[in-house]
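A structural model of the following input is requested.
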Amino acid sequence: LPTSCGIGACAATGSTSCPAGAIVDSCSPGTPAADDVTCDGVDDDCNGLSDDGYVSLPTTCGVGACASTGSTSCPAGAVVDSCTAGTPAADDSTCDGSDDDCDTLIDEDYVQVPTACGTGACASTGVTSCVGGAVQDSCTPGTPTTEVCDGVDNNCDGAADEEPAASASCEDGLFCTGTEACIAGTCQVAAEVCVDDCETCHEDTATCSWCIFDHNFNGATDGLDLAFFSGCFGLCYAPGDPCLAANYDGDAAGCVGGGDFGAFSGCFSLACASCTNCAGPGPAAADVGAVASVSVEASIQLVPVAIPSIRDDAEVLPGAVRQVRVGQTFYVEVWASRQVQGVEASDGLASVYSDVAYDGSRLVADQVVPSAAFENFKAGTIRQDRGQLSSIGGCAAVGDGMMGVDSPWVRVATVTMRAVAAGPVSVVLSPSKQPYGVSLFNRFGDLPVTQIELGSATLDVQAMPRVPQRKQDQKRARR
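Model (predicted):
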């Protein structure tokens, strides 16, 4: 008969036989394995249990936010993993250092946002970015500076043109311009120092009153003043002229003459502090120029040149340039004449002063060099922030008891300028606040503006020509 023996992997078959009168079974079971760790559905160790020695292993699955864990098991002779990956997000736009959409990239969908920071002059802009899972802002506010008068919050504290700093920035240190204040974001003169027509303001003494016979403002009445006083002899003044009447016509004769010399002689060689006549104001341009029976003319002109003129005197004005390029240095010469349209207006020029206005956004004034012809009381102040050259000029040297130069044209000063921006630009003369705008050496005082021809000059500032790309490449190749 067929027989069987053993279980699991040890199961075997055989048959019975009857040798020598006894039944013999030929079935012999197999040898069991040491353990049953393989997951194959077989009872390898022949103990009646299949895969009972299988050892479970930990497992992982998914990436980023989808990462998960599990373990293996052996049901029905097959290894099964329990790990299930998470569900990915639609995008990865949050800056959290996590791969939310489970594509192995972190925060790749973050959208930058524009930002702003700081106030006033410190205001700035930036943008956010996602670095290492944290949002960072690139905006950095500017550095605060001292408050000035420009309508801007320079010190970045939330208020513009704060006092007293704003008005302090307006102060130019000049007594004659009075107290300057910041008004509506611009520097303005709050109060003029000299308001009386007979008063003349002098920066050197920081006062409006002056010794009426100290014409060169050296603090004493001396030989230099004699020519000025003598120049008024024989001049009659219009009725109601307070300055000439009060300061020169001592005998009230209606003219300045010998009867008035005593007042001048009484102060001669005396310091101003010792002279009783020193309290009065000086003559004003409009009043002295209105003296009856005197008719004089003068001309002041501006000439832009590439190279300064060699001489300070000339029969005719030098040729003017009309075009300059951005970055070019050129010169503006100030010339004065005792002739207008070829007709002599006086014996000569005693002093010339004039202001010059220009476009400070396109031109920069670097230096003012007064002429050697007017070597006394030289002046000329650059005020680049206002586009102004103040009181350019001087007084002529003393000679033959008089002051003056006798030439058809005499150079007053040379201004070194630079062109910094392209476009048309004008340079214009205007009356100076100096006590002697234009004086002729046969008389004292300014000429009225109506008797002075004030010129101007126009320039075309051209941009630097662009070098063609081909030429630039050739230059680089040569280097």
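
Show me where the stretch 101-250 of the chain has its helices.
For the stretch 101-250 of the chain, the helices defined by DSSP state H, counting those that start in this stretch cover 165-170, 223-231, 242-247.

avg pLDDT for the first one?
Right, the one you point to is helix 165-170. Per-residue pLDDT over helix 165-170 has a mean of 84.

swap in the longest one?
Helix 223-231 carries an average pLDDT of 54.

Also the last one?
Averaging pLDDT along helix 242-247 yields 52.

could you pull out the helices for the stretch 251-400 of the chain?
Using DSSP H, counting those that start in this stretch, helices in the stretch 251-400 of the chain cover 261-267, 285-288.

Out of the ones you listed, point me to the one whose mean pLDDT is lowest.
helix 285-288 (a mean of 29).

Restricting to C-alpha, output stretch 164-171 in CSV.
Provided in CSV are the C-alpha atoms of stretch 164-171 (Å, rounded to 0.1, in the frame of the first residue of the first chain):
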residue,chain,number,x,y,z
PRO,A,164,16.8,125.3,13.3
ALA,A,165,18.9,123.0,11.2
ALA,A,166,17.1,123.9,7.9
SER,A,167,17.4,127.6,8.2
ALA,A,168,21.0,127.2,9.4
SER,A,169,21.9,125.5,6.2
CYS,A,170,20.6,128.6,4.3
GLU,A,171,22.9,131.0,6.1
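
Could you give the number of residues near the nearest residue to P141 once chain neighbours are set aside?
The shortest distance from P141 to any non-neighbouring residue, by CB to CB, 6 or more residues apart in numbering, is to G118 (2.9 Å). C-betas here are computed from N, CA, C, even on glycine. By other CB atoms under 10 Å, the residues close to G118 number 17.

give the contact list for the residue lying closest to G360 once chain neighbours are set aside.
Once flanking residues are discounted, G360 sits nearest to G387: 3.3 Å by CB to CB, 6+ apart. Residues in contact with G387 (CB atoms under 8 Å, 6 or more residues apart in numbering) are 357-361, 363.

neighbours around G142, how many?
Neighbours around G142, by other CB under 10 Å: 15.

My error: substitute D25 in the last question.
Counted with other CB under 10 Å, residues neighbouring D25 total 13.

How about C102?
Number of residues near C102 (other CB under 10 Å) recorded here: 19.

Surely it is in contact with V63?
Yes - between C102 and V63 a contact is recorded at 5.4 Å, counting by CB atoms under 8 Å.

shared neighbours of these two, which are they?
With CB under 8 Å, 6+ apart, C102 and V63 have no common neighbours.

for the stretch 301-450 of the chain, what are the low-confidence residue spans?
By pLDDT under 70, the low-scoring segments of the stretch 301-450 of the chain are 339-347, 397-404, 432-437, 439-450.

Please enumerate the strands of it.
313-314, 323-325, 329-337, 339-340, 343-344, 349-358, 363-370, 376-383, 388-395, 398-399, 402-403, 409-419, 423-431, 438-440 (DSSP state E, counting those that start in this stretch).

circling back: and the residue nearest to G360, how far is that from P308?
From G387 across to P308, the span is 22 Å (CB to CB, to the nearest Å).

What of I7?
125 Å.

cool, and P114?
Distance from P114 to P308, by CB to CB: 54 Å.

Which helix or which strand is home to the nearest residue to S299 once chain neighbours are set aside?
Computed as CB to CB, 6+ apart, the closest residue to S299 that is not its neighbour in sequence is E453, at 4.0 Å. Using DSSP states H and E, E453 falls within strand 452-454.

Pairing partners for that strand, with directions?
When sheet partners are counted by DSSP bridges, strand 452-454 sits next to strand 298-305 (parallel).

shaky segments in the stretch 101-250 of the chain?
Those would be 175, 190-250, if you go by pLDDT under 70 across the stretch 101-250 of the chain.

Which stretches in it count as strands?
Secondary structure of the stretch 101-250 of the chain (DSSP E, counting those that start in this stretch): strands located at 114-117, 124-131, 134-137, 179-183, 186-191.

now for the second one, which elements pack on it?
It stands for strand 124-131. Using 3 or more CB pairs under 8 Å, 6 or more residues apart in numbering; DSSP states H and E, the elements in contact with strand 124-131 are strand 114-117, strand 134-137.

hey, C-alpha coordinates of stretch 315-331 in PDB?
Extracted C-alpha coordinates of stretch 315-331, given in PDB (Å, rounded to 0.1, in the frame of the first residue of the first chain):
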ATOM      1  CA  GLU A 315      40.400 147.600 -29.000                       C
ATOM      2  CA  VAL A 316      37.700 145.100 -29.800                       C
ATOM      3  CA  LEU A 317      36.200 142.200 -27.900                       C
ATOM      4  CA  PRO A 318      37.700 138.700 -28.500                       C
ATOM      5  CA  GLY A 319      35.800 136.200 -30.600                       C
ATOM      6  CA  ALA A 320      33.300 134.100 -28.600                       C
ATOM      7  CA  VAL A 321      32.700 130.400 -28.800                       C
ATOM      8  CA  ARG A 322      29.100 129.200 -29.200                       C
ATOM      9  CA  GLN A 323      29.400 125.500 -28.600                       C
ATOM     10  CA  VAL A 324      31.000 123.400 -25.900                       C
ATOM     11  CA  ARG A 325      30.800 119.700 -25.000                       C
ATOM     12  CA  VAL A 326      29.800 118.000 -21.800                       C
ATOM     13  CA  GLY A 327      33.000 117.700 -19.700                       C
ATOM     14  CA  GLN A 328      34.800 120.500 -21.400                       C
ATOM     15  CA  THR A 329      36.400 123.400 -19.500                       C
ATOM     16  CA  PHE A 330      36.000 126.800 -21.000                       C
ATOM     17  CA  TYR A 331      36.300 130.400 -19.800                       C
END
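
doesn't R418 make contact with V461?
No - in this structure, V461 is not within contact of R418 by CB under 8 Å, at 10.1 Å.

list the residues that contact both of the two?
In terms of CB under 8 Å, 6+ apart, V461 and R418 are both contacted by the residues L363.

Out of those two, name the residue with the larger neighbour count.
With neighbours defined as other CB under 10 Å, V461 and R418 compare such that V461 has more, 21 against 15.

who are the neighbours in contact with the more buried one?
V461 makes contacts with 323-326, 362-363, 419, 421-425, as judged by CB under 8 Å, 6+ apart.

what about the nearest residue to it once chain neighbours are set aside, neighbour count?
Spatial nearest neighbour of V461, excluding adjacent residues (CB to CB, 6+ apart): A419 at 4.5 Å. Neighbourhood size, A419 [other CB under 10 Å]: 23.

beta partners of A419?
Beta-bridge partners recorded for A419 (DSSP bridges): L363.

still on that earlier bit, dump the strands of the stretch 101-250 of the chain into JSON lines; add distance to T72 as well.
Output for these, formatted as JSON lines (distance: least, CB to CB, whole Å):
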{"stretch": "strand 114-117", "distance to T72": "52"}
{"stretch": "strand 124-131", "distance to T72": "38"}
{"stretch": "strand 134-137", "distance to T72": "39"}
{"stretch": "strand 179-183", "distance to T72": "83"}
{"stretch": "strand 186-191", "distance to T72": "84"}
